[in-house]
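S.K.: Based on what follows, work out the 3D shape:
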Amino acid sequence: MSARDRLLALLTEEPADVTGPWLDLVRGRPGSRGRIQDAWESTSGAGGYDGLLALGDQVEAYVPALVGGGNLRAFYRVDDRLGLVGGETVLDLACGPGTLTRRLARAVGRDGLVIGVDLSEPMLTRAARSTAFAQVDFVRADAMDLPFHDAAVDAVSCSLCLHLVPDLVTTLTEITRVLRPAGAAAFAVPAHAPGPLRPFTEMFARWGQARLFGPGDLAGALRDLGWSGVSERSLGGIRVVDASAPV
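M.R.: As a prediction, this is how the structure comes out:
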């Protein structure tokens, strides 16, 4: 069975067109989600983001731990954080240009399935073009209204997404719904800078119309929804949170 056929079986609705490089399950264009999300909706913004992620992906193995290499590896190696062994169905939410999607595909192998989801058409176009794995497919969807059946996936990777959603609890509730009980999730969210630098990050968040996360913000929201095994660490400007869905 192809990745497309396996994906279609997990969806709660049938797309109008099933022949393209990705399936579109967003009706029209959503209203603006803020300046940062608007940039990701543009071809130039998607290209710049792709280049930045690609650079980190190429160098993370070589950066010494003393200068942040461990933190960089924690962000990129979501397959290790999820404990993937092969054969899993994984949702890569806010997949962007597919940088982490490709790592997840290698981890699940040909018996697995990786579903890259993003709201940005330019991001999905780049991801589909650069991800030549038979076990991968892509969907355009809203993180607050995921078009999947309950408990459809075994694991979720959600990096640099939650700061852009209008309603955090709605998004986390949707992730909880589509993830199987006790399934693993690996999150990464942008964080406030510490001490005297915090006013600058607050100013940037207001300008970009995005949310930045303080210590315990995301971890606490997950615990409130019944998640367990919640761990959090700071990677400088990024907070990494790993957790298991409610049983």
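S.K.: and Arg73, how many neighbours does it have?
M.R.: Neighbourhood size, Arg73 [other Cβ atoms under 10 Å]: 16. Where you see a C-beta, it was placed from the backbone N, CA and C, and this is true even at glycine.
S.K.: now swap in Asp50 and tell me
M.R.: Counted with other Cβ under 10 Å, the neighbours of Asp50 add up to 19.
S.K.: Give the burial count for Ala182, as a bare number.
M.R.: Neighbours of Ala182 under the rule other Cβ under 10 Å: 13.
S.K.: which ones are touching it?
M.R.: Neighbouring residues of Ala182 by Cβ atoms under 8 Å, 6 or more residues apart in numbering: 228, 244-247.
S.K.: in the chain, which spans are helices?
M.R.: Counting by DSSP state H, one finds helices in the chain at the ranges 3-10, 35-40, 43-59, 69-76, 78-82, 99-108, 121-130, 168-178, 198-208, 217-224.
S.K.: ok, Val247 - contacts?
M.R.: For Val247, the contact set (Cβ under 8 Å, 6+ apart) comprises 181-182, 228.
S.K.: quick revisit: considering the contacts of Ala182, which possesses the most neighbours?
M.R.: Among those, the one with the most neighbours (other Cβ under 10 Å) is Ala245, at 24 neighbours.
S.K.: can you give me how far the helix or strand of the chain with the lowest mean pLDDT is from the chain middle?
M.R.: The least trusted helix or strand in the chain, going by mean pLDDT, DSSP states H and E, turns out to be helix 198-208, with a mean of 72. Taking Cα atoms, centre = their mean, to the nearest Å, the mean C-alpha location of helix 198-208 is offset from the chain mean by 22 Å.
S.K.: Kindly report the same for stretch 103-115.
M.R.: Its chain's C-alpha centre lies 15 Å from the corresponding centre of stretch 103-115 when counted by Cα atoms, centre = their mean.
S.K.: quick one: buried residues of it?
M.R.: Neighbour-count burial for stretch 103-115, counted by 16 or more other Cβ atoms under 10 Å, picks out 103-105, 107-108, 112-115.
S.K.: The least confident helix or strand of the chain - contacts with which helices or strands?
M.R.: Secondary-structure packing of helix 198-208 (3 or more Cβ pairs under 8 Å, 6 or more residues apart in numbering; DSSP states H and E): helix 35-40.
S.K.: same for the helix it packs on, what does it pack against?
M.R.: Contact here means 3+ Cβ pairs under 8 Å, 6+ apart; on that basis helix 35-40 packs against helix 43-59, helix 198-208.
S.K.: can I get the CA coordinates of the longest one in CSV?
M.R.: Taking only C-alpha atoms (Å, rounded to 0.1, in the frame of the first residue of the first chain), the coordinates of helix 43-59 have been written out as CSV:
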residue,chain,number,x,y,z
THR,A,43,7.8,32.0,-1.4
SER,A,44,10.8,34.1,-0.2
GLY,A,45,10.0,33.5,3.4
ALA,A,46,9.8,29.7,2.9
GLY,A,47,13.1,29.8,1.0
GLY,A,48,14.9,31.7,3.8
TYR,A,49,13.5,29.4,6.5
ASP,A,50,14.5,26.3,4.4
GLY,A,51,18.1,27.6,4.1
LEU,A,52,18.4,28.3,7.8
LEU,A,53,17.1,24.9,8.8
ALA,A,54,19.3,23.2,6.2
LEU,A,55,22.4,24.9,7.5
GLY,A,56,21.8,23.7,11.1
ASP,A,57,21.0,20.2,9.8
GLN,A,58,24.3,20.1,8.0
VAL,A,59,26.5,21.3,10.9
